[in-house]
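**Q** need coordinates for the following:
(2 chains)
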Amino acid sequence: MSEHHHKETFVTKYIFSQDHKMISKQFLVTGMFMGIIGVFMSMLFRMQIAWPEKSFSIIEAFLGPHQTDGVMNPDMYLALVTIHGTIMVFFVLTAGLSGTFSNLLIPLQIGARDMASGFLNMISYWLFFLSSVIMVISLFVEAGPASAGWTIYPPLSALPQAIPGSGAGMTLWLVSMAIFIASSLIGSLNYIVTIFNLRTKGMKMTRLPLTMWAFFITAIIGVVSFPVLLSAALLLIFDRSFGTSFYLSDIFISGEVLHYQGGSPVLFEHLFWFLGHPEVYIVLLPALGITSEIISTHSRKPIFGYRAMIGSIMAIAFLSTIVWGHHMFISGMNPFLGSVFTFTTLLIAIPSAVKAFNYITTLWKGNLQLNPAMLFSIGLVSTFVTGGLTGLVLGDSALDINIHDTYFVVAHFHLVMGVSAIFGMYAGIYHWFPKMYGRMMNKTLGYWHFWITIICAYGVFWPMHFIGLAGLPRRYYTNTNFPMFDDLADINVVITIFALVGGLAQIIFIANFFISIYRGQKATQNPWKSNTLEWTTPVEHIHGNWPGKIPEVHRWAYDYSKKVDPNDDDSDYLHGQDFVLQTTPLLEGEEPS
Amino acid sequence: MLALFYIFIGVAIGVSFWQITRILNFRSVIATDKDNTKQGRNALYFMAFLYAMMIYCLIFMNVIMLPESASIEGEHDDNLFNITFWLIGIVQFMMQFLIFYFTFKYRGNKDRKAKFYADSHKLEAIWTITPAVVLVVLIGYGLWQWNNIMDLSEDKDPIVIEVYSQQFRWDARYAGEDNTLGLANVNYIKGINTMGVDMNDRNSQDDKQVTELYLPKGRKIHFKFRSQDVLHSAYMPHFRAQMNCVPGMVTEFGFTPKYTTEEMRQQPEVIEKTKGINKIRKAKGEDPYEFDYLLLCNKICGASHYNMQMKITVVEQEEYDKWIAEQPTLASVIK
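**A** Next comes the predicted model:
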């Protein structure tokens, strides 16, 4: 601990570091690298959708043997959508988001010197790194990377005869994901143990910032559901390599009957979505937690309904584990199950609505400091509402029949979990950058980044709902074989242009990020005038976080703009300023909030 | 090599950007009152953009939508969809207004004091109970309709049709006079018996294999779906119908066609959509399009997933009887 400093070498400080702050930066940079690949892929396949027969030298340059004269092959198109989904969901929004902010904030916000196990924390990162490397390597195998969709439904994912990507590409995908899951489980266990055991004196569970609650519950969902995906992947490996028939039965392909008997692809769908749906909340809850914190701080107001927020996080987490069947209404499972899943699914709307209204009420009569972090949080609330509402259509089994697997679904989940979670991640980076690097990010570039990104996000995904309602299936290499979709071509061009601009706009962020690391304004200790413990640590990172004793906590995290006279909004601030650090003892006669 | 060239350009741009930042001021980092005012206004401008786009799409994209349901069962789907869509539409417009208007209205400045307002059980109760009540209605109607569609047990005298999928084509098998499909399994696939029908089964003899669906108007159709290789999904958007085809398993769906193909072509919505499409096709020099019902694959199934379709023609009962009589039985085709 901090009392006896070890000699740090370059390797122990920057590479095999056990310090949570360094590990969080490692997660962030790796996640950003994977994010660049994932977004770049989406730009390539959007070009294919918009201009199906056109030749592009950029496609020729990057797709090598998987293109003909600058036009990508159908197999490669499917590979791109598959890897785009995998990378964005798991590598960017699970590891990149949770890994970065859980690691950075858990010890800092609960008042701990480090994670419960620094060693396991390091292992967690390096397993994630290894799985990223394997996933990137899988892009270069001869037959192409996995291309059965990010949901890798067998038999398509099990049979190389069915699609070339189901050969070596799929094997690497499965290996990479198995390692990824191990990394995620080790990380989650560490987060849970740390939050349970290492809270500083006075930091009751009911005084935790909402970020902590969100990360805590997220970790629990991860521990509950990721092992199921691991088992699904293992059984798939058995089917692929050892001739078992868990998922396969009665298959005739390439002119021969295969030996598989008695398995069912529906079993895989159950196992996959038992993780797959909670995964949505593994991605989203940390973003919502970050947003709660940022909206409150930058509104200079307590978060509205602290306990209701915790309650709704818990309700969402619980419900998320019993709704997976809404991805399978038309899979051939028993229709009665469909009824049950419709019921549980639509219930999620209630805690989600509570959260959205609470955010808006927090904005109401605030003193909004519109920093980039705040704008991204507000943007998150906006896209979360837009995307969440269409969930009422998709969650209703009777309506899902006709829009299942159309672009309506693509628009829905991109807004509600993709864009929202990314906005949460950006908000977190802008907000905690000073804590990570001791410098500030430039706000002008931040503003440009935000407005271009949100305009493009809506420009891409709002019209996409309508081409879905027109019946256009997703994962089509081109729509030109269906004259009935000819009138959607123009809309697809517009969407692609928004997507390209939006994708390129992220360069603004990357430039701002890296330049600020070296050239940014030096940060002060508490630049946003925030209440939480991380802002009581020195700007320069030290191992153990606080130079002296760990501070004691006396109040919740949201005493912003607390007044002398609680009934008079214009009376003076109770503590002489519009924020009160959690370490400040209650004044005599002060009611705890 | 070309990839290296692109990467080189990227690096060059990065380096020049880096150099430019030497002279740029990277010291403006925290929002001032001026920024708050500016960004608050931007929030209003953005709200205007968002509203304009939402309304534009809602009005002008009506023409590209699917026409009204061509199946009797789908009518309730359309109803339920309209109710849900109006509801979420109103909530969407309201919520986005609150979000961006508050951002503008309460933009920070030095003289403003935020209201300390941490809790209100009354408000929270309101926005817990209101969605709950609304959901009861949606869930109730939705579940009623779901049972309505999925329960095939009480139909009298339906026509039984098997839809059969493989990479990358659709086939269909009519149950024939006895209205019972003969047994089938991939092990029986041989030569022209491409659907693996067991020809020793008595029920198989009068089955009829076809490559296009003909359906009589006003009769309940029971579809049974099979797949011989990977998952496919039989998607018939005009009938509000979809079901996965799962290897090793038979799945089911049923509906009653409401309009013949000819009648559908005369519908104003369809005429308008077709006109729009043909304008585009003419400009590209392609043949004019005529409306047809389609069955398309809607579950990723391999390289030619995007081109897996089957035409569906809905006709009057007499015409259907004539057509089905002309189709040869399996017994006469497969010796």
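**Q** need the three-state assignment for the nearest residue to residue A:483 once chain neighbours are set aside.
**A** For residue A:483, ignoring the flanking residues on the chain, the nearest one in space by C-beta to C-beta, 6 or more residues apart in numbering or on different chains is residue B:289 at 3.9 Å. Any C-beta I mention is one placed from the backbone N, CA and C, and that applies to glycine too. Here residue B:289 is recorded as coil under DSSP: H, G, I helix; E, B strand; the rest coil.
**Q** ok, now how distant is residue B:289 from residue A:482?
**A** 10 Å (C-beta to C-beta, to the nearest Å).
**Q** what is the burial count for the residue nearest to residue A:483?
**A** Neighbours of residue B:289 under the rule other C-beta atoms under 10 Å in any protein chain shown: 18.
**Q** nearest to chain A: which residue in the stretch 151-300 of chain B?
**A** Distances between the stretch 151-300 of chain B and chain A by C-beta to the nearest C-beta are smallest at residue B:248, namely 2.9 Å.
**Q** show me what contacts the spatially closest residue to residue B:118 that is not a sequence neighbour?
**A** Counting by C-beta to C-beta, 6+ apart, the nearest residue to residue B:118 once its immediate chain neighbours are dropped is residue A:302, at 4.2 Å. Applying C-beta atoms under 8 Å, 6 or more residues apart in numbering or on different chains to residue A:302 gives the contacts A:296, A:362, A:558-561, A:593, B:116-118.
**Q** how about residue A:153?
**A** Contact partners of residue A:153, counting by C-beta under 8 Å, 6+ apart, are A:265, A:268-269, A:272, B:231, B:299-300.
**Q** now do the residue nearest to the spatial centre of chain A against residue A:430, distance only.
**A** Taking C-alpha atoms, centre = their mean, the centroid of chain A lies closest to residue A:93, which sits 2.7 Å from it. To residue A:430, residue A:93 is 17 Å away according to C-beta to C-beta.
**Q** how long is stretch A:137-156 from one end to the other?
**A** One end of stretch A:137-156 to the other measures 21 Å (C-alpha to C-alpha, to the nearest Å).
**Q** run a quick neighbour tally on residue 253.
**A** Defaulting to chain A. Neighbours of residue A:253 using other C-beta under 10 Å come to 18.
**Q** if you could check chain B rather than the one you did, that'd help
**A** Neighbours of residue B:253 under the rule other C-beta under 10 Å: 24.
**Q** got the phi/psi numbers for the closest residue to it other than its chain neighbours?
**A** Spatial nearest neighbour of residue B:253, chain neighbours left out: residue B:243 (4.1 Å); criterion: C-beta to C-beta, 6+ apart. Dihedral pair for residue B:243: phi -160, psi 140, per degrees, to the nearest 10.
**Q** so the residue nearest to the centre of chain A sits against residue A:281, correct?
**A** No: counting by C-beta atoms under 8 Å, residue A:93 does not reach residue A:281; the two are 11.3 Å apart.
**Q** which neighbours do these two share?
**A** With C-beta under 8 Å, 6+ apart as the test, residue A:93 and residue A:281 reach no residue in common.
**Q** buried set for whichever strand or helix holds residue B:137?
**A** Following DSSP states H and E, one finds residue B:137 within helix B:121-150. Neighbour-count burial for helix B:121-150 flags B:123-124, B:127-128, B:131, B:134-135, B:138-139, B:141-143, B:145-146, B:149-150 (criterion: 16 or more other C-beta atoms under 10 Å in any protein chain shown).
**Q** ok, and what's touching the very next helix or strand once past it?
**A** Going down the chain from helix B:121-150, the next helix or strand is strand B:159-166, by DSSP H and E. With contact meaning C-beta under 8 Å, 6+ apart, strand B:159-166 is reached by A:252, B:170-175, B:179-181, B:184, B:195, B:213, B:215-216, B:219-229, B:232, B:234, B:245, B:295, B:297, B:301, B:308.
**Q** other residues contacting the helix or strand following strand B:159-166?
**A** The helix or strand immediately downstream of strand B:159-166 is strand B:169-174, counting by DSSP H and E. Defining contact as C-beta under 8 Å, 6+ apart, one finds that strand B:169-174 is touched by B:159-165, B:181, B:194-195, B:197, B:207-213, B:234, B:295, B:297, B:308-310, B:324, B:327, B:330.
**Q** now strand B:169-174 and strand B:159-166, what's the angle there?
**A** Counting by axes from the mean of the first three to the mean of the last three C-alpha atoms, to 10 degrees, strand B:169-174 lies at 160 degrees to strand B:159-166.
**Q** strand B:169-174 - what's its average pLDDT?
**A** For strand B:169-174, the mean per-residue pLDDT is 95.
**Q** for the helix or strand that that strand is followed by, packing partners?
**A** Sequence order places strand B:208-210 as the next helix or strand after strand B:169-174, per DSSP H and E. Strand B:208-210 sits against strand B:169-174, helix B:330-333, with contacts defined as 3 or more C-beta pairs under 8 Å, 6 or more residues apart in numbering or on different chains; DSSP states H and E.
**Q** which of those has the highest mean neighbour count?
**A** strand B:169-174 (a mean of 20; mean count of other C-beta atoms under 10 Å in any protein chain shown).
**Q** still on that earlier bit, where does the residue nearest to residue A:483 fall, phi/psi-wise?
**A** Torsion angles, degrees, to the nearest 10, at residue B:289: phi -100, psi 140.
**Q** how much space between it and residue A:125?
**A** In this view, residue B:289 and residue A:125 are 55 Å apart by C-beta to C-beta.
**Q** what about the helix or strand of chain B with the lowest mean pLDDT, near chain A?
**A** Here the helix or strand of chain B ranked lowest by mean pLDDT, DSSP states H and E is helix B:2-23, holding a mean of 76. Yes: shown here: helix B:2-23 in contact with chain A (C-beta under 8 Å from any C-beta of the partner chain) through B:2-3, B:5-6, B:14, B:17-18, B:21.
**Q** what about the closest residue to residue B:295 other than its chain neighbours, neighbour count?
**A** Computed as C-beta to C-beta, 6+ apart, the closest residue to residue B:295 that is not its neighbour in sequence is residue B:310, at 4.4 Å. The number of residues packed near residue B:310 is 21, by other C-beta under 10 Å.
**Q** OK, contacts around the most centrally placed residue in chain B?
**A** When C-alpha atoms, centre = their mean is applied to chain B, the residue found nearest the centroid is residue B:237 (6.7 Å). Neighbour list for residue B:237: A:402, A:471, B:66, B:294, B:296 [criterion: C-beta under 8 Å, 6+ apart].
**Q** pull the most distant pair out of those residues.
**A** Spatial extent of the contacts of residue B:237 (C-beta to C-beta) is set by the pair A:402 and B:294 at 13.6 Å.
**Q** these two: which is more packed in?
**A** Set residue A:402 next to residue B:294 and count neighbours by other C-beta under 10 Å: residue A:402 wins out with 26 against 18.
**Q** give me every residue that touches the nearest residue to that one once chain neighbours are set aside.
**A** Leaving aside its sequence neighbours, residue A:402 sits nearest to residue B:240 (C-beta to C-beta, 6+ apart; 4.4 Å). Contacts for residue B:240 (C-beta under 8 Å, 6+ apart) come out as A:401-402, B:69, B:71, B:73-74, B:77-78, B:255.
**Q** try it again with 7 Å
**A** Neighbour list for residue B:240: A:401-402, B:69, B:71, B:74, B:77 [criterion: C-beta atoms under 7 Å, 6 or more residues apart in numbering or on different chains].
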